[in-house]
Structures are given as C-alpha cells and as structure tokens.
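J.: following is a predicted model, sequence given first.
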Amino acid sequence: MAEPPRRQSGRPMHPPGRGGPLPPPPPRPRFEPVEREKTCPLLLRVFTKIGGHHSKEEFAMRGKEPKDEVQIYTWKDATLRELTDLVKEVAPEARRRDAKLSFAFVYPDKNGRFVVKEVGKTFSYGNGRRMDDAKTLAELSFQIGDYLDVAIF
C-alpha cells in the first residue's frame, strides 16, 4: 500500500475532498484606486439627519426625498473618512468633537421598495485608523445611483 504524501513537517496531507482542514477563504477583493484626474466622478446624493437615519418610507416617493440633501461629486474609492470631512463642511452638528456619523446606503430592492442599509461608522475627528474610516464606497458594495444617508449622533 502506498504511503500518503507528506508535508514538509512530516505529517500526512489529507487527500482532496476527504475531510481535513478547509482551504483558506479567498482574499477579500481589494479595489484598485481610481485615477481621479482621468476618471469622471459620480454624483452622490447625501441626506443627513441628526439623531438617526431617515426611514425607508421617506425615500418611497420619487421627487419627495428628504429636504436635507447635499450633492457631492466623488469616486467609488472615496473613504468614509473623506465623506465624513465633506459632511462636516455642510452640517455644523457633525463638527462637534464628540460627533459620531453612521453611514447607510439607500437603494431599491428587487421589488422596487427602498432599503436603508447601515454600512459603517466614523467619529467626526478620527485619525484614519478607527472604526470604518478607511472603508471605500466600492468595498462596501456601493452602486452608482444609491443614496447615502448619514445619521449624526
């Protein structure tokens, strides 16, 4: 009987498909940065609210979205830290030292009803290494046409 193949450590390797340790999960896709000088930005409609996110019902009627809208031109490689800094320019409440921002994508589901899905949080004054500062829109599965709802706490 043939001896099973061995690792360098001397322990036998498990034959493929016969139990044993599972292979490591595939690496999380890393999105390449956008060449911002050569790539046209997208229009991001941002809605801010103090104390919590808007409800999905507030987005249900096209043309009757919440009034507290800011339109930002950006790219899919924009981080939540960059967006935090842009929101601080237009929302004085977000400039408070202890302010915390919660980001949610708003988009229609397959039945056409809006969904508000929280995707990350930042502090108003972060150092770029806390919470979700470094997450990009692309990494969070942002689709062009989604709205961004920002709750300021």
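T.: All right, it came through fine.

J.: spatially nearest residue to Leu148, not counting backbone neighbours?
T.: Val46 (4.7 Å; Cβ to Cβ, 6 or more residues apart in numbering). All C-beta spots, glycine's among them, are computed from the backbone N, C-alpha and C.

J.: quick one: strands adjacent to the helix or strand hosting the one you found?
T.: Assigned by DSSP states H and E, Val46 belongs to strand 42-50. Looking at strand 42-50 with DSSP bridges, its partner strands are strand 69-74 (antiparallel), strand 147-152 (parallel).

J.: just those: most buried one?
T.: Burial of those is given as mean neighbour count (mean count of other Cβ atoms under 10 Å); strand 147-152 ranks first at a mean of 22.

J.: related to what we said a few turns ago, residues in contact with the strand holding Val46?
T.: Here strand 42-50 makes contact (Cβ atoms under 8 Å, 6 or more residues apart in numbering) with 54, 65-66, 68-76, 83, 86-87, 90-91, 93-94, 106, 137, 144, 147-153.

J.: so Leu83: helix, strand or coil?
T.: Per DSSP: H, G, I helix; E, B strand; the rest coil, the secondary structure class of Leu83 is helix.

J.: that one touches Val70, doesn't it?
T.: No - here Leu83 lies out of contact with Val70, judged by Cβ atoms under 8 Å, at a distance of 10.4 Å.

J.: how long is stretch 32-46 end to end?
T.: End-to-end distance for stretch 32-46: 24 Å, by Cα to Cα, to the nearest Å.

J.: same check on stretch 94-106?
T.: First-to-last residue span, stretch 94-106, Cα to Cα: 20 Å.

J.: buried stuff in it?
T.: 94, 99-106 (16 or more other Cβ atoms under 10 Å).

J.: quick one: the helices in this protein?
T.: 80-90 (DSSP state H).

J.: what separation do you get for Thr79 and Gly63?
T.: Per Cβ to Cβ, to the nearest Å, Thr79 is found 31 Å from Gly63.

J.: my bad, should have said Asp133
T.: Applying Cβ to Cβ to Asp133 and Gly63 gives a distance of 34 Å.

J.: which one of these two has more residues nearby?
T.: Asp133 (19 against 4; other Cβ atoms under 10 Å).

J.: quick check: closest non-adjacent residue to the more buried one.
T.: Per Cβ to Cβ, 6+ apart, closest to Asp133 is Arg81, 4.1 Å.
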